[in-house]
Structure formats: C-alpha cells, structure tokens
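Participant: The following comprises the amino acid sequence and a computationally predicted model.
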Amino acid sequence: MSFLLPKLTSKKEVDQAIKSTAEKVLVLRFGRDEDPVCLQLDDILSKTSSGLSKMAAIYLVDVDRTPVYTHYFDISYIPSTVFFFNGQHMKVDYGSPDHTKFVGSFKTKQDFIDLIEVIYRGAMRGKLIVQSPIDPKNIPKYDLLYQDI
C-alpha cells in the first residue's frame with residue numbers, strides 16, 4: 001500500500017512539505033517501505049487518506065534518505081509518525097515519555113482518524129500539544145534509549 005501515498009525522499013522535500021502544508025495536519029511517516037510494521041501502518045494511512053483529505057496531508061519519509069530529520073526527531077524505532085500544523089510541530093501526550101512522535105503502527109483505522117481529528121481541532125485553537133484520544137492499551141510500549149549522555 002506504500003505506493004498509494006506520496007513519498008518525500010530528501011531534506012528539501014520534507015522542508016517544502018512542512019512549509020507549504022497550510023490549514024491541515026501534516027503527517028510524516030518515517031520508516032522503510034520494506035519493513036513489515038511500516039507496511040501495516042501504510043495500509044491504515046492509505047485507507048484513511050482520502051477520507052481525511054480536508055484535515056490531513058499524509059507523506060511517507062524514508063529514514064535512510066533523510067538522516068537530518070531522522071536524527072532531529074530521534075527516530076530510533078520505525079515506523080515513527082510526526083505531526084505538523086501550519087509549519088508548527090504538534091506534540092501529542094500518549095501517556096508515554098515521548099510526546100514528539102507516535103512510534104509503531106496504529107491498531108485500527110479509527111485510532112488514526114480520532115488522533116488526526118484531535119490534533120486538527122487542537123491546532124485550530126492554537127494548541128501545540130494535545131491529549132491522545134487513543135485507548136492506552138492500543139499504544140505500543142517501548143523504552144526510551146538515551147545515547148551519549
């Protein structure tokens with residue numbers, strides 16, 4: 001399903017998407033096309049993209065081709081999904097230590113749709129961080145790894 005969503009393959013393309021996506025949630029899925037969990041997430045993203053087209057623009061970003069952003073967002077697990085609104089990085093409180101990105105695949109299409117709606121509504125009210133509407137048992141658990149501390 002990855003082939004149904006637009007891909008960003010350079011820092012310049014990611015920069016352009018962040019700067020030019022207005023009045024919509026920009027969804028950047030960082031990962032690899034051949035990774036099974038990325039493919040599972042891509043399936044959910046592609047099946048919801050047309051229904052969310054008024055609220056969200058969804059792009060796939062290859063972690064190997066955009067090392068600047070992979071490092072900047074500290075992407076050590078894939079897939080990782082990052083959200084923006086009008087060029088502003090949107091943070092989400094998932095009940096985990098990291099509010100900057102969603103790590104792993106969403107369990108259901110509805111979880112992703114609900115999250116986009118909450119981010120969109122919060123962003124329209126000027127919020128930079130929103131509370132995740134996803135049931136905590138549907139959020140993948142992982143440990144943060146701090147390197148070079």
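Facilitator: Arrived safely, thanks for sending.
Participant: Show me where the chain has its strands.
Facilitator: Assigned by DSSP state E, the chain shows strands spanning 7-8, 25-31, 56-62, 80-85, 88-93, 102-103, 129-131.
Participant: Show me what counts as buried in stretch 87-104.
Facilitator: Neighbour counts over stretch 87-104 (16 or more other C-beta atoms under 10 Å) mark 89-92, 94, 96, 98, 100-104 as buried. (Each C-beta comes from the backbone N, C-alpha and C, glycine too.)
Participant: In terms of secondary structure, what does the longest helix along the chain contact?
Facilitator: When the chain is scanned for its longest helix (criterion: DSSP state H), the result is helix 109-124. On a contact count with 3 or more C-beta pairs under 8 Å, 6 or more residues apart in numbering; DSSP states H and E, helix 109-124 meets strand 25-31, helix 36-49, strand 80-85, strand 88-93, strand 129-131.
Participant: Format those as TSV; extra columns: distance to K7 and mean pLDDT.
Facilitator: Below are those laid out as TSV (distance: least, C-beta to C-beta, whole Å; pLDDT from 0 to 100):
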stretch	distance to K7	mean pLDDT
strand 25-31	10	97
helix 36-49	10	95
strand 80-85	15	97
strand 88-93	21	96
strand 129-131	27	95
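Participant: Tabulate those in TSV, adding columns for distance to G122.
Facilitator: Formatted as TSV, the helices and strands packed on helix 109-124 follow (distance: least, C-beta to C-beta, whole Å):
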stretch	distance to G122
strand 25-31	10
helix 36-49	19
strand 80-85	8
strand 88-93	8
strand 129-131	4
